[in-house]
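> Only the shape, not the letters, is given here:
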């Protein structure tokens, strides 16, 4: 039996949340989606996540929220990380950090889906080894379910690609996030793991990776600091749909998603 999993790329600010509100229910119905994982580390004003926003996303059909290097930007999410296993922080943070980097979540049909959240190290702040962290977690999760999805929140393409090959045949999907630019390298690796380097951004594309163009350009051309406001125009939901055999955990397909939210739907 097949399970259809939708991975939603980095949700940025109010425009990204609106894209989820408008497009996610339609995607779930059109593609008969069974399970939704969304990266929401930029959902609150472009940086971080709040409990209210998490609840909003769950109400729209998200089953599990992953994050990344901005997970701590909104302090009121920290207590929630301790009590809600549906909201993850990267697993390779120190063990003393609040929350967990993995979860087993009910997907119906007497099936649980394992989700692991990782943070890259190349061009990022110092952090524990993601390969070591995921190696241990996948061994544990595979005792309970064959269906395991990994969100690799990382800057370097090489690090994400290496993670895909490292986990090929051991997990159902390795999905890259963080760069906000959807890549065209989706494929199922030889041993049955669906892979894409980055599923893209859910938010405003009339922007520089979700931020107002003029502010970013000014910072790059003057080397002076600027506050980067969240942009507003050309709103889209980006992601990927992975079809998984629930008996084996092997993926049979991966399809990129880019859903446009029409301006009239935002009035």
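Ah, there it is. Keep in mind the model is a prediction, meaning the values are calculated, not measured.
> Show me what counts as buried in the longest helix anywhere in the chain.
Counting residues, the longest helix found in the chain (DSSP state H) is helix 13-31. The neighbour-count check on helix 13-31 (16 or more other C-beta atoms under 10 Å) flags 13-24, 27-28 as buried. Any C-beta I mention is one placed from the backbone N, CA and C, and that applies to glycine too.
> mind listing the helices for this structure?
Under DSSP H, the chain gives helices at 13-31, 51-59, 78-83, 130-141, 157-167, 213-222.
> so for the third one, what's the average pLDDT?
Within the predicted structure, the mean pLDDT of helix 78-83 is 96.
> residues of it that come out buried?
Under the neighbour-count criterion of 16+ other C-beta under 10 Å, helix 78-83 has 80-81 buried.
> quick revisit: per-residue confidence averaged over the longest helix of the chain?
Mean pLDDT, helix 13-31: 96.
> Identify all contacting residues around that helix.
When contacts are defined by C-beta atoms under 8 Å, 6 or more residues apart in numbering, helix 13-31 is touched by residues 4, 6, 8, 10-11, 33, 36, 38, 42-46, 53, 56-57, 60-62, 201-204, 210, 230-232, 235-237, 241, 257, 259, 261, 265-266.
> Among the helices of the chain, which comes closest to residue 246?
helix 130-141 (14.6 Å; C-beta to C-beta).
> Report the contact partners of the closest residue to residue 124 other than its chain neighbours.
In this structure, residue 124 finds its nearest non-sequential neighbour in residue 155, 5.7 Å apart by C-beta to C-beta, 6 or more residues apart in numbering. Taking C-beta under 8 Å, 6+ apart as the criterion, residue 155 is in contact with 120, 122-124, 178-179.
> Just send these back as CSV, with distance to residue 196 too.
Below are the contacts of residue 155 laid out as CSV (distance: C-beta to C-beta, whole Å):
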residue, distance to residue 196
120, 15
122, 18
123, 19
124, 19
178, 13
179, 12
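> Now do stretch 161-180, average pLDDT.
Throughout stretch 161-180, pLDDT has a mean value of 98.
> Pull out the buried positions in that stretch.
Quick answer for stretch 161-180 (16+ other C-beta under 10 Å): 161-164, 166-168, 170-180.
> Next: stretch 53-61.
The neighbour-count check on stretch 53-61 (16+ other C-beta under 10 Å) flags 53-54, 56-58, 60-61 as buried.
> Excluding its own residues, what touches that stretch? List them.
With C-beta under 8 Å, 6+ apart, stretch 53-61 has contacts from 11, 17, 20-21, 24-25, 28, 33, 36, 38, 40, 43-44, 65, 77, 80, 84, 86-87.
> hmm, 7 Å instead?
Outside stretch 53-61, the residues within contact range by C-beta atoms under 7 Å, 6 or more residues apart in numbering are 17, 20-21, 24-25, 28, 36, 38, 40, 43-44, 65, 80, 86-87.
> Low-confidence bits of this protein, can you list those?
Across the chain, the ranges flagged by pLDDT under 70 are 264-267.
> Just give me the residue right at the centre of it.
Against the mean C-alpha coordinate of the chain, by C-alpha atoms, centre = their mean, the closest residue is residue 39 at 3.1 Å.
> wait, doesn't residue 254 sit right on residue 193?
No. Contact criterion C-beta atoms under 7 Å: residue 254 and residue 193 do not qualify, at 9.6 Å.
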